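Novice: Coordinates for the following, if possible.
(one chain, ligands or ions: 1)
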Amino acid sequence: LTKIRTSAPGKVILFGEHSVVYGKRCLATAIDRRTYVTLEGRAESGEIEVSALDQVFDGPLDGLRARCEESGEEPFGMCLGVILAIVQWCCDAPVLAFDGFSLTIESDIPIRRGLGSSASFCVATTSAVLLKFGKISNKLTDLDKKLVNEVAFEMETKIHGRASGVDNTICLYGGILSKLGSSLDVLPGIQLPLLIIDTLVPRNTSEQVARVKDRLASHSAVGHLLLDTLGHIADEALVIIKRSTAGNQLDLEEQLSELFEINQGVLDALGVGHEKVSAVISLCKKYECRAVKITGAGGGGSLIALADRSKSEGQSVSAALREAGFSVLGITTGAEGVR
Ligand code: PMV
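Specialist: Next up is the predicted model:
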């Protein structure tokens with residue numbers, strides 16, 4: 001193969017952030033934003049030429065900055081390190097003994113917003129490099145995908161220090177991923193029009209996870225009830241989604257809207273809100289959009305809203321949110337996995 005082109009989507013968590021840490025169900029979905037990798041066999045022997053990485057990387061990929069601060073490594077170097085590690089995985093021989101190639105990596109997934117930019121990068125790059133080294137076929141069979149997932153998970157762990165496997169699995173298989181305890185199930189995607197609203201308050205996942213832990217320490221019974229509720233919400237959402245993929249699309253969005261609203265109330269009660277999160281929610285409600293919730297860790301970070309996109313720009317909630325200084329991205333869920 002002289003030219004290989006792969007791509008993988010980003011993701012959002014729909015339901016189950018925080019409660020997933022306590023073994024409850026989490027639902028994530030692939031989104032129609034992707035990382036594209038082009039691999040060509042034209043560099044000098046033993047050399048890897050990487051270009052356009054700066055597009056993926058006008059700042060560090062998800063989680064990379066903290067990791068690099070810890071290890072004193074340059075984030076850019078860490079990305080290259082991931083690429084080298086994949087090559088090394090393919091060659092038992094020393095890493096300099098392979099035919100060189102060039103990699104062009106481009107992405108339209110915003111970084112550091114919990115949208116799986118790093119997992120998407122790992123899956124697309126791993127697929128391209130494994131194809132080049134003949135470790136998988138371009139048919140991408142189930143076995144091929146399993147192998148890509150294993151290697152991409154290793155790379156995610158390298159980037160983040162620890163990883164749950166949710167991000168690389170959803171970016172690889174696409175559709176919807178349900179995680180319950182240690183079991184991961186992939187379901188066909190449903191197309192939901194979502195707004196991703198960034199409060200522009202940097203999220204700090206470990207700080208928010210600690211916040212929930214504190215709440216559990218001070219109010220154990222109530223705290224556990226709240227976590228159980230989040231688990232039940234994700235369970236119910238899964239039933240609704242499965243029913244809709246079996247043909248009944250009718251009130252899917254309405255039913256999920258209510259669950260978004262309930263879920264947000266519970267996350268707020270767990271203490272992972274923020275004044276900017278509340279500001280986004282009030283503004284959404286003003287535009288009759290009640291289906292809005294935190295996605296990911298909270299304490300700032302991003303929210304997702306099931307909003308009516310048919311309204312004209314003047315009346316639309318996204319225009320109002322942008323005017324208020326938030327960043328808004330319109331996406332569709334249930335995207336295809338690696339290609
Ligand atoms: O901050 P994000 O978008 O990577 O999401 C974190 C989700 C949590 O449930 C809060 C933490 C976790 O490890 O699952």
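
Novice: any idea of the pLDDT on Thr2?
Specialist: We have a pLDDT of 79 for Thr2.

Novice: Could you chop this structure up by domain?
Specialist: According to automatic domain parsing, the chain comprises the domains 3-189, 194-332.

Novice: Kindly report which one of the ones you listed carries the lowest mean pLDDT.
Specialist: Minimum mean pLDDT among these: domain 3-189, a mean of 86.

Novice: Tell me the buried residues in stretch 292-311?
Specialist: Residues of stretch 292-311 classed as buried: 292-307 (neighbour count, 16 or more other CB atoms under 10 Å). Every C-beta, even on glycine, is put in place using the N, C-alpha and C of the backbone.

Novice: Nearest to Arg339 among the domains of the chain would be which one?
Specialist: Nearest to Arg339 among the domains of the chain is domain 3-189 (5.2 Å), distances taken as CB to CB.

Novice: Can you give me the end-to-end span of that closest one?
Specialist: With CA to CA, to the nearest Å as the measure, domain 3-189 spans 30 Å from end to end.

Novice: Determine if any part of that domain is in contact with the ligand.
Specialist: Yes. Domain 3-189 lies within reach of the ligand by CB under 6 Å from any ligand atom, at 17-18, 20-21, 114, 164.

Novice: tell me which element Ala119 falls in.
Specialist: Assigned by DSSP states H and E, Ala119 belongs to helix 117-132.

Novice: How about Gly81?
Specialist: Assigned by DSSP H and E, Gly81 falls in helix 75-90.

Novice: Just the closest of the buried residues of stretch 292-311 to the ligand, please.
Specialist: Set against the ligand, the nearest of these by CB to the nearest ligand atom is Gly296 (2.4 Å).

Novice: show me what contacts the closest residue to the closest one other than its chain neighbours?
Specialist: Distances taken as CB to CB, 6 or more residues apart in numbering place Gly114 nearest to Gly296, at 3.4 Å, with adjacent residues excluded. Residues in contact with Gly114 (CB atoms under 8 Å, 6 or more residues apart in numbering) are 12-13, 62, 203, 295-297, 301-302.

Novice: From the contact counts, what lies against the very next helix or strand once past the helix holding Ala119?
Specialist: Downstream of helix 117-132, the next assigned helix or strand under DSSP H and E is helix 142-160. Counting by 3 or more CB pairs under 8 Å, 6 or more residues apart in numbering; DSSP states H and E, the packing neighbours recorded for helix 142-160 are helix 64-71, helix 75-90, helix 117-132, helix 166-173.

Novice: Same list, the ones you listed, but as TSV with mean neighbour count please.
Specialist: Shown next, in TSV, are those (neighbours: other CB atoms under 10 Å):
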stretch	mean neighbour count
helix 64-71	15
helix 75-90	18
helix 117-132	29
helix 166-173	28
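
Novice: right, so of these, which gets closest to Thr2?
Specialist: helix 117-132 (10.0 Å).

Novice: tell me the angle of the closest one relative to helix 166-173?
Specialist: 50 degrees (axes from the mean of the first three to the mean of the last three CA atoms, to 10 degrees).

Novice: the helices in the chain, which residues?
Specialist: 53-56, 64-71, 75-90, 117-132, 142-160, 166-173, 205-218, 220-245, 252-269, 275-286, 317-323 (DSSP state H).

Novice: Just put the ones you listed in CSV and tack on distance to Ile197.
Specialist: Listed next are the helices of the chain as CSV, based on distance: least, CB to CB, whole Å:
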stretch, distance to Ile197
helix 53-56, 22
helix 64-71, 22
helix 75-90, 26
helix 117-132, 17
helix 142-160, 24
helix 166-173, 20
helix 205-218, 17
helix 220-245, 20
helix 252-269, 12
helix 275-286, 5
helix 317-323, 6
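
Novice: Nearest approach to Ser45 belongs to which of these?
Specialist: Closest to Ser45 of the helices of the chain is helix 75-90 (CB to CB; 12.9 Å).

Novice: about what we covered before: distance to Thr35 added to the helices and strands packed on helix 142-160, as CSV?
Specialist: Below are the helices and strands packed on helix 142-160 laid out as CSV (distance: least, CB to CB, whole Å):
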stretch, distance to Thr35
helix 64-71, 14
helix 75-90, 12
helix 117-132, 4
helix 166-173, 8
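
Novice: All set, thanks.
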